[in-house]
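Participant: Dropping a prediction and its sequence here:
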Amino acid sequence: RPAPPAAKASTTALYFGCRTRDQDWLYRQQMQGHAERGLDLRLAFSRETAEKCYVHHLMKEDARKIAKLLTSGAGRVYVCGDGANMAKDVHKALAHALVEAGVAADEAAALSALDVLKKDGRILHDIWSPVDEYD
């Protein structure tokens, strides 16, 4: 029998967060199914740990991986949810990723790079609070 093919590194990452997995995790079975087939599924359940963990915390942990996906030319970011807080924190985490990976010299350069990605349609938002700009 031939050996099974080596697992490929995932090029798709999903950062999903909600308060609790048992009450708020919509599409749980679908996400878990995709994770079984190679999706890099990162979960943040903010009310299940003593110290709250949000999506942007996980993104900061994965800064180099995120920067690589963004700079590969094919990476896309879809931000869905609360625009008043979460979307801003995710945007800051994206900027942090570019600086941490050495792609951008500083936060200002990283924010400029994110603006280009947004104009190119590689960063999209589906948020329920109005956000005109990220500080």
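Facilitator: In hand now; what should we look at?

Participant: which helix is the longest one in the chain?
Facilitator: helix 86-100 (DSSP state H).

Participant: Show me the helices in the chain, by range?
Facilitator: 21-24, 28-36, 55-61, 63-71, 86-100, 107-119.

Participant: closest to R47 out of those?
Facilitator: Of all the helices of the chain, helix 21-24 sits nearest to R47, with 8.8 Å by Cβ to Cβ. For the C-beta atoms, the positions are set from N, CA and C on the backbone; glycine is no exception.

Participant: can you list the helices of the chain in TSV and add mean pLDDT, mean neighbour count and distance to F45?
Facilitator: Formatted as TSV, the helices of the chain follow (pLDDT from 0 to 100; neighbours: other Cβ atoms under 10 Å; distance: least, Cβ to Cβ, whole Å):
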stretch	mean pLDDT	mean neighbour count	distance to F45
helix 21-24	94	11	5
helix 28-36	97	12	11
helix 55-61	97	19	10
helix 63-71	94	19	20
helix 86-100	96	21	14
helix 107-119	96	15	27
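
Participant: Spatially central, which residue of the protein would that be?
Facilitator: For the chain, the residue nearest the mean C-alpha position is Y15 (4.9 Å; Cα atoms, centre = their mean).
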